[in-house]
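J.: No sequence on hand, only this structure:
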């Protein structure tokens, strides 16, 4: 059985930017925020991490289970891989000819819509699992069965309460009578695809964290502040950790608001984890 890590201790990336720079990043187990000017390589670092972890989790799908130039140190160190999710924040439209054409729901038009579609399917399975667990507890006849059943449903209730609070200014709230994730706005029913870009973005993030089921793992986010109101940016990290205090967060950002609620110490500049290959630099000078 594959041993899963609780979090990543260190990431090393060799030969970034034509082999002249290397990344060595000691990570915190809770929150890690990568900052730097445009073009310095923040997204590249996250993408390389995600590709490496994807290969580690599904080595049979790749010719080589290791991603050249990337080394990850897990905790515990004998772990083989880690559960992880990656969230991108850009509301790009999907092109025709993709899996979009096979969907019966014609409301899926963008990458965020597609992500919501996938999460909706996972959410239905999550609800079935919760329901089955509650039935087993209530059928057990133990004195504390009801208390345990409430505890099982508590993360979902917390998620619903958070979303309702965030969307309250526009009168939207989750339809708690529906098995699917649907909303009500002043007696009108809305699908998640009818939300604004910022609402979709926040919903994708929080729903992803809920479906981690309070398990240790990793959440990678590339500029999650895009489309989010500044108040939501400030609350983002704490909301994630409220839903799953065991998840390790690694995100890139340009927004000061993301770190304003106590996460300044979690910020790392790309320049601080970059090592220059002096040999390569000298060779470049000589060749000129």
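T.: Looks like it arrived, so ask away. Just so you know, these numbers come straight off a predicted model, no measurement behind them. Numbering: from 1, shown residues only.

J.: Report the contact partners of the residue lying closest to residue 116 once chain neighbours are set aside.
T.: Of all residues not flanking residue 116 in the chain, residue 192 sits nearest, at 4.9 Å (C-beta to C-beta, 6 or more residues apart in numbering). Every C-beta, even on glycine, is put in place using the N, C-alpha and C of the backbone. Neighbouring residues of residue 192 by C-beta atoms under 8 Å, 6 or more residues apart in numbering: 116, 120, 181-183, 200, 203.

J.: Residue 170 too?
T.: Applying C-beta under 8 Å, 6+ apart, we find residue 170 in contact with residue 185.

J.: what about the strands in this structure?
T.: Applying DSSP state E to the chain gives strands spanning 7-15, 21-26, 31-35, 70-75, 84-88, 172-174, 183-185, 188-190, 217-222, 247-252, 267-269, 274-276.

J.: Of these, flag the one that's most buried.
T.: Among the strands of the chain, judged by mean count of other C-beta atoms under 10 Å, the one packed with the most neighbours on average is strand 247-252 (a mean of 25).

J.: Turn the strands of the chain into a markdown table, columns for distance to residue 133 and mean pLDDT.
T.: Listed next are the strands of the chain as a markdown table, based on distance: least, C-beta to C-beta, whole Å; pLDDT from 0 to 100:
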| stretch | distance to residue 133 | mean pLDDT |
| --- | --- | --- |
| strand 7-15 | 26 | 93 |
| strand 21-26 | 38 | 92 |
| strand 31-35 | 30 | 96 |
| strand 70-75 | 29 | 95 |
| strand 84-88 | 22 | 92 |
| strand 172-174 | 21 | 97 |
| strand 183-185 | 26 | 97 |
| strand 188-190 | 28 | 95 |
| strand 217-222 | 20 | 96 |
| strand 247-252 | 21 | 97 |
| strand 267-269 | 39 | 96 |
| strand 274-276 | 47 | 86 |
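
J.: among those, which is nearest residue 211?
T.: In terms of C-beta to C-beta, the element of the strands of the chain nearest to residue 211 is strand 84-88, at 8.4 Å.
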